[in-house]
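1. Compute the structure for the input listed below.
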Amino acid sequence: MLPVTYLGLPLITKRLSKGACSTLVERITARANSWVSKALSFAGRLQLVKATLISMQCYWCNIFLLPMSTIKECERVLRTFLWGGRGRSKVKWADVCKPFSEGGLGILELKTWNKALLLKHLWSVLTEDSIWAKWCHAYLLHNSNLWTATLHGHLSWSWRQILRLRPLVKEHLIYKCGNGEHFFPSRSRKGSPPYTP
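-> Predicted structure coming up:
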């Protein structure tokens, strides 16, 4: 890891380590400790978790696939603050992260949200004509198909992690054929999945 940061994120050339993520954990811990949780109601602590502490993590999740050890450490800080630092959690964290309609508190589950934010990058490459998407096709994919691009070569660790999420993308793709005029692979946009009858 280079000894510099950009917009609060470490500039890394290799795998994101637990040590590189220590800054994130420290910031979340410091922010949680700055609030006097005992003087707040449970509803107040819940709102601070959802509005502030989660957003601090999402900023990193939008760029890196965080190590599981970091995810668990962040969740530990959130649990401690949410329950007022009193003993064990009253409800399983997996249940807390469920939507209100399913009996949860609507807190974002970090592991799932991390993957969802990274999937947005793949979606951008598939659907957008932005400068970043064009750059990805020209320099990262070398004008090849997104679905067949290999993980070999001089690719950054972060880009490899994003490409490894391609099977998850395929599970949720919905094809809209219409009259079939623009569905043939030779006329489909660059990076779109191959046609299968």
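2. going forward, measure contacts and count neighbours with C-alpha atoms only.
-> Noted.
3. since we're on the residue lying closest to S158 once chain neighbours are set aside, how many residues are nearby?
-> Nearest non-adjacent residue to S158, counting by Cα to Cα, 6 or more residues apart in numbering: F64, 6.2 Å away. The local packing of F64 (other Cα atoms under 10 Å) involves 22 other residues.
4. repeat for R79
-> R79: 20 neighbours (other Cα under 10 Å).
5. What of the one 5 residues further on?
-> Residues within reach of G84, counting by other Cα under 10 Å, total 18.
6. Report whether it is found in a strand, as I expect.
-> No. G84: not assigned to a strand; according to DSSP: H, G, I helix; E, B strand; the rest coil it is coil.
7. Report pLDDT for it.
-> Listed pLDDT for G84 reads 80.
8. same question, L53
-> Predicted confidence (pLDDT) at L53: the value is 90.
9. so it makes contact with I28?
-> Yes. L53 lies in contact with I28 (Cα atoms under 8 Å); the separation is 6.2 Å.
10. Which residue ranges of this structure form helices?
-> Under the criterion DSSP state H, the chain contains helices at 22-34, 42-48, 54-61, 68-82, 93-96, 110-127, 131-135, 157-163, 166-171.
11. buried sites along the second one?
-> Think helix 42-48. 45-46, 48 (16 or more other Cα atoms under 10 Å).
12. Tell me which residue lies nearest the centroid of the chain.
-> Geometric centre of the chain, nearest residue: N114, 2.3 Å, by Cα atoms, centre = their mean.
13. Not counting sequence-adjacent ones, nearest residue to that residue?
-> Closest to N114 by Cα to Cα, 6+ apart is C61, at 4.8 Å.
14. Likewise for L82?
-> Per Cα to Cα, 6+ apart, closest to L82 is R45, 5.6 Å.
15. same check, this time on P67
-> K18 (6.5 Å).
16. ditto for R160
-> L151 (6.1 Å).
17. Phi, psi for that neighbour please.
-> phi -90, psi 10 (degrees, to the nearest 10).
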